[in-house]
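Asker: Need a 3D model of the sequence below.
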Amino acid sequence: MNVNCVVFNVEKLELPKNLYPARWWHALENNEVECFLCPRHCRLKNGKRGVCRVRTNIEGRLFSEVYGKPIAIHIDPIEKKPLYHFQPGSRIFSIGTAGCNLQCEFCQNWDISTADGHLGMGRIVQPAEIVQSAIDNQCGSIAFTYNEPTIFGEYVVDIAKIAHQSNLKTVKVTNGYITQEAIADIYPLIDAANIDLKSMNADFYRKRCHAELTPVLEAIVAIQKVGTFIELTTLLIPGLNDSEGEIQKLCDWILDNLGNDTPLHFSAFHPAYKMSNWPQTTKEVLDRARTIALRTGLHYVYEGNVLTDSESDTFCPACGRLLIKRGWYTQVTKSLQGNRCECGQKIPIIW
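Answerer: Purely as a prediction, here's the structure:
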């Protein structure tokens, strides 16, 4: 398998449809089905796809069209996910398929998130092959990323089981739009997740993502309770979710519901998809948000999608010592004794 490039030009691919029996659904009358993988609970008539574009009803049974069909494969530094406190400095084997269960107007990977589920590499890539490729390329973990991995949950589960048998860790980069039932099945198999918390404003989710905020908040709390290590990312978009009041609300919620050791990444928006004419986020906006978060009491707050000086580095919250110095998506140096600072402060780092 070629793992040295990411395939994003999916329009030229014409591949036969292969279906895989889906989980997380039940039958309704008249050959209809209801999918409960995500909070949309799509009710599908025969022959229809869900909002995600990859789960389809065929004669009263739900099937996944993307099982074994990655269209994006790459080896990344784990910091690119971004994960700064989970296996820092390691390589991660990253895969994604077509489809997404949100419809964000600012999507950075819109070409694959809006693609139909019949697209793929041209053959089924079995879970064991993904795991072996990660091992062959000296990766310590596998990431389900690029598009929304919840919508290929069956594939995630099967890969994760084999990965753990091979002493590999598993990571999801996700929008957190998932039901409690699916969390219980999937996340015991996921070691770490970076979850997008796009806004604390329900109207933002409805207007810009065509989704609801509350299920995301509930999922984040539930995923942490399962034992998955969590980092959060908020993409700050000028004039939409970057006000001081909303950032304060975000930080207060994290502090109250997850704790002050939860790493938070403020990421800069760059014009894309349906918001290609929107202004990009300035460094000053990220600096202001980070200052609010640190003042609120969050210990580990980072800036992304911009060049930084020290805003991507990890410092001890007790003594202020520099613990991890990072470059552009890479770990440069560390000054830790296991997961403790020299002053004795315990740092939430998983090596």
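Asker: Only C-alpha atoms from now on, for both contacts and neighbour counts.
Answerer: Noted.
Asker: Name the SS class of the residue most central in space within the chain, please.
Answerer: With distances taken as C-alpha atoms, centre = their mean, the residue of the chain nearest its centroid is Val173 (1.7 Å). Per DSSP: H, G, I helix; E, B strand; the rest coil, the secondary structure class of Val173 is strand.
Asker: my guess is it meets Pro149, correct?
Answerer: Yes. Assessed by C-alpha atoms under 8 Å, Val173 is found in contact with Pro149 at 7.3 Å.
Asker: And for Ala182, the neighbour number?
Answerer: 16 (other C-alpha atoms under 10 Å).
Asker: Ignore what I typed, I meant Ile135.
Answerer: Ile135: 18 surrounding residues under other C-alpha under 10 Å.
Asker: From Glu32, how far out is it?
Answerer: With distances taken as C-alpha to C-alpha, to the nearest Å, Ile135 is found 42 Å from Glu32.
Asker: And for Leu217?
Answerer: The gap separating Leu217 from Glu32 is 30 Å, by C-alpha to C-alpha.
Asker: So for these two, which residue has more residues nearby?
Answerer: The neighbour comparison of Leu217 against Glu32 (other C-alpha under 10 Å) goes to Glu32, with 20 against 17.
Asker: isn't the more buried one right up against Lys48?
Answerer: No. Contact criterion C-alpha under 8 Å: Glu32 and Lys48 do not qualify, at 9.3 Å.
Asker: Now do the shared contacts for the two.
Answerer: Shared contacts of Glu32 and Lys48, defined by C-alpha atoms under 8 Å, 6 or more residues apart in numbering, are found at Asn57.
Asker: All the helices of the stretch 151-300 of the chain, in order from the start?
Answerer: With helices called from DSSP state H, counting those that start in this stretch, the stretch 151-300 of the chain shows them at 153-165, 180-186, 202-204, 214-226, 244-257, 283-296.
Asker: Save those helices as CSV, and put in distance to Phe269 and mean pLDDT too.
Answerer: CSV is the format used below for the helices of the stretch 151-300 of the chain (distance: least, C-alpha to C-alpha, whole Å; pLDDT from 0 to 100):
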stretch, distance to Phe269, mean pLDDT
helix 153-165, 28, 98
helix 180-186, 29, 98
helix 202-204, 15, 98
helix 214-226, 20, 98
helix 244-257, 15, 98
helix 283-296, 10, 98
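Asker: just the strands in the stretch 251-351 of the chain please.
Answerer: With DSSP state E, counting those that start in this stretch, the ranges of strands along the stretch 251-351 of the chain come out as 264-268, 301-304, 314-315, 322-326, 331-334.
Asker: The second one - contacts with which helices or strands?
Answerer: Okay, so that is strand 301-304. Contact analysis of strand 301-304 by 3 or more C-alpha pairs under 8 Å, 6 or more residues apart in numbering; DSSP states H and E lists strand 264-268, helix 283-296 as its packing neighbours.
Asker: Can you tell me which of those is most buried?
Answerer: strand 264-268 (a mean of 23; mean count of other C-alpha atoms under 10 Å).
Asker: In its sheet, which strands sit next to that one, and in what direction?
Answerer: Strand 264-268 pairs in its sheet with strand 229-236 (parallel), strand 301-304 (parallel), by DSSP bridges.
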